[in-house]
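Q: Generate a structure from the sequence data that follows.
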Amino acid sequence: MGKAAALRAPVDAFPNLGLPPTTFTASCIRAALPYLIGMMKLTRVQDQAIQALMAGIVGAETFDHVFAGIRFDEIEGTMLYAFARNEDVASDIEDSYSPLIAAVASRVMNRQVDVVVVMPKVLQ
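A: So this is what the prediction gives:
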């Protein structure tokens, strides 16, 4: 069997989910897996670790001005949800710092984070 045929062979990609073996290509398996992982609340230590690394990257003055009162709350699939003190700050953080927060959160959580959604605390 050639390499291409082996990639198209039925695979039990998710044995713990009780699904029947399915034909996937290798890239489909890697792409689908993060989206099948459920919601996970961040611990206080994980939240504070992300905050500390962000403070080190953006600097104390910027962190105190922009990130004051932020809480990184949960991860669902590859999305990180955070709460900021108001709508303007939430919008600013999401627009300006999302890729950086995603990289830092991926490092802290040891799992892929692609999207950061920042909401105002009133929606909490």
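Q: Sketch out the low-pLDDT regions of the protein for me.
A: The chain contains residues with pLDDT under 70 at 1-37, 123-124.
Q: 50 - rerun?
A: For the chain, the stretches with pLDDT under 50 are 6-7, 12, 23-29.
Q: count of residues packed around the nearest residue to Val115 once chain neighbours are set aside?
A: Closest residue to Val115 apart from its sequence neighbours, by CB to CB, 6 or more residues apart in numbering: Met79 at 4.6 Å. Yep, even glycine has a C-beta here, placed from its N, CA and C like the rest. By the criterion of other CB atoms under 10 Å, Met79 has 16 neighbours.
Q: Contacts only, for Met79.
A: Counting by CB atoms under 8 Å, 6 or more residues apart in numbering, Met79 touches 113-117.
Q: In terms of distance to Ala49, which of these ranks first?
A: Val113 (13.3 Å; CB to CB).
Q: pretty sure that closest one contacts Pro99?
A: No - look at Val113 against Pro99 with CB atoms under 8 Å: they stay out of range, at 10.1 Å.
Q: neighbour-wise, which of these two wins?
A: Between Val113 and Pro99, counted using other CB under 10 Å, the more crowded position is Val113 (23 against 11).
Q: Let me see the contact set for that one.
A: Val113 sits next to 75, 78-80, 101-103, 105-106 when contact means CB under 8 Å, 6+ apart.
Q: now Gln51
A: Contacts of Gln51 (CB under 8 Å, 6+ apart): 63, 67, 70, 72.
Q: coming back round to it: which members of the contacts of Val113 occur in strands, if any?
A: 75, 79-80 (DSSP state E).
Q: Quick one: those residues as CSV, columns for distance to Asp92 too.
A: As requested, the ones in strands among the contacts of Val113 are exported to CSV (distance: CB to CB, whole Å):
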residue, distance to Asp92
Ile75, 22
Met79, 19
Leu80, 17
